[in-house]
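[1] please work out how this folds:
(2 chains)
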Amino acid sequence: DGGITQSPKYLFRKEGQNVTLSCEQNLNHDAMYWYRQDPGQGLRLIYYSQIVNDFQKGDIAEGYSVSREKKESFPLTVTSAQKNPTAFYLCASSHLNRGYTDTQYFGPGTRLTVL
Amino acid sequence: GQQLNQSPQSMFIQEGEDVSMNCTSSSIFNTWLWYKQDPGEGPVLLIALYKAGELTSNGRLTAQFGITRKDSFLNISASIPSDVGIYFCAGQHQETSGSRLTFGEGTQLTVNP
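    Next up is the predicted model:
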């Protein structure tokens, strides 16, 4: 099946620990994105990548890091510097510069709880 | 960054009623998207709009791209219990923001059977 997978679905960590969230896509999409969603709120962009080995900060990048070593994979690390890391994290991907097909499609999300 | 105002924030309706929600922006977009998110899941694309004035339907859903390119609305006709969820609008302007989307804060829809 083609799609975007995120793992794990639920993640618990102790305060002060770094944690890495996985995102994989087999849609041959060029661009990948990470969003954060807090209860009752919209989606805020953390980082995005339009090409392998390159990525840009979104609106709330502080306390997060990413890598894009492969086209299919865009892992997000929530570092201990992130002051309020408990949230629902969503990964998305899209084609790039193809006009009508640049639409972003989302994975199922990872709920991170920091204790 | 750009802001999208989505309203209403929440709606409580009876099964069978029609629903309308909208988004407005202070700046123009050249793509409007509508997503639905079920609890604990990722948003799913419902309708994509690419041209000012465009009116597009997907089953009981109808969405329009405002002629000014600064607004869009989504209508749901004859609501059913499975319509429950959060509906998000998103705008895109490729020339200024590339593939980045700007999201509204969502409309929480509750349908009473």
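[2] hey, what's the most centrally placed residue in chain A bridged with?
    Centroid-nearest residue in chain A, with CA atoms, centre = their mean: A:Trp34, separated by 2.7 Å. Beta-bridge pairing of A:Trp34 under DSSP bridges involves A:Tyr47, A:Cys91.
[3] for it, give its distance to A:Phe106.
    From A:Trp34 across to A:Phe106, the span is 11 Å (CB to CB, to the nearest Å). For the C-beta atoms, the positions are set from N, CA and C on the backbone; glycine is no exception.
[4] list residues touching both of these two?
    Listed as contacting both A:Trp34 and A:Phe106 by CB atoms under 8 Å, 6 or more residues apart in numbering or on different chains are A:Leu90, A:Cys91, A:Ala92.
[5] pLDDT below threshold where in chain A?
    For chain A, the stretches with pLDDT under 70 are A:1-2, A:98-101.
[6] residue in it nearest to chain B?
    Per CB to the nearest CB, A:Phe106 is where chain A lies closest to chain B, at 3.6 Å.
[7] now that residue: closest residue in space, sequence neighbours ignored.
    Closest residue to A:Phe106 apart from its sequence neighbours, by CB to CB, 6 or more residues apart in numbering or on different chains: B:Gly42 at 3.6 Å.
[8] B:Ala90: how many residues sit nearby?
    The number of residues packed near B:Ala90 is 26, by other CB atoms under 10 Å in any protein chain shown.
[9] and B:Ser10, by the same measure?
    12.
[10] run through the strands of the chain in chain order.
    You didn't pick a chain, so chain A it is. Taking DSSP state E as the criterion, chain A carries its strands at A:4-7, A:10-13, A:19-25, A:31-37, A:43-51, A:54-57, A:64-66, A:76-78, A:87-94, A:105-106, A:110-114.
[11] ah, no, chain B please
    For chain B, the strands defined by DSSP E cover B:4-7, B:10-14, B:19-25, B:31-37, B:44-49, B:55-58, B:61-65, B:71-76, B:85-92, B:102-103, B:107-112.
[12] now the ones you listed in CSV, with mean pLDDT and distance to A:Asp54?
    Formatted as CSV, the strands of chain B follow (pLDDT from 0 to 100; distance: least, CB to CB, whole Å):
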stretch, mean pLDDT, distance to A:Asp54
strand B:4-7, 94, 27
strand B:10-14, 96, 40
strand B:19-25, 97, 29
strand B:31-37, 96, 23
strand B:44-49, 95, 26
strand B:55-58, 96, 34
strand B:61-65, 97, 32
strand B:71-76, 98, 31
strand B:85-92, 95, 20
strand B:102-103, 92, 22
strand B:107-112, 96, 35
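[13] for A:Ser49, find the nearest of these.
    strand B:85-92 (17.0 Å; CB to CB).
[14] now do that closest one against strand A:43-51, angle only.
    Strand B:85-92 and strand A:43-51 are oriented at 50 degrees to each other (axes from the mean of the first three to the mean of the last three CA atoms, to 10 degrees).
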